[in-house]
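**Q** Quick check, what structure comes out for this input:
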Amino acid sequence: MLVRVDTSTWRAAGATFGKVSSKKQTIFGYKLHLLVTLGGVILDFELAPANVYDLTVEAELLAEQRERERLVERRRGLGRVA
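**A** Numbering: from 1, shown residues only. Below is the predicted model:
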């Protein structure tokens, strides 16, 4: 059941209108992006306004994960910078 609410409260919290191209729908609110392993372990997440392009968020999540992996390698002595 959908409940009508005043969208001004949501807008104040950063909610926006955005497209879901796979479903050909317009939504209002946020989209949750998850970075997960093949085993289903969540590595990172980002809650973005609905109008933010999915690939932008995905690129940010992957870049942050690569940076974490580099830091781990440096701590283990595998990626020493000459």
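
**Q** Which secondary structure element is home to residue 68?
**A** helix 54-76 (DSSP states H and E).

**Q** elements contacting that helix?
**A** For helix 54-76, the elements it packs on are strand 25-36, strand 42-49, judged by 3 or more CB pairs under 8 Å, 6 or more residues apart in numbering; DSSP states H and E. Every C-beta, even on glycine, is put in place using the N, C-alpha and C of the backbone.

**Q** Which neighbours in the sheet does the last one have, and how are they oriented?
**A** Put plainly, it is strand 42-49. strand 25-36 (antiparallel) (DSSP bridges).

**Q** Sketch out the low-pLDDT regions of the protein for me.
**A** 1-5, 78-82 (pLDDT under 70).

**Q** hmm, back to that, can I get the helices and strands packed on helix 54-76 in JSON lines with distance to residue 7?
**A** What follows is the helices and strands packed on helix 54-76, written out as JSON lines (distance: least, CB to CB, whole Å):
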{"stretch": "strand 25-36", "distance to residue 7": "7"}
{"stretch": "strand 42-49", "distance to residue 7": "13"}
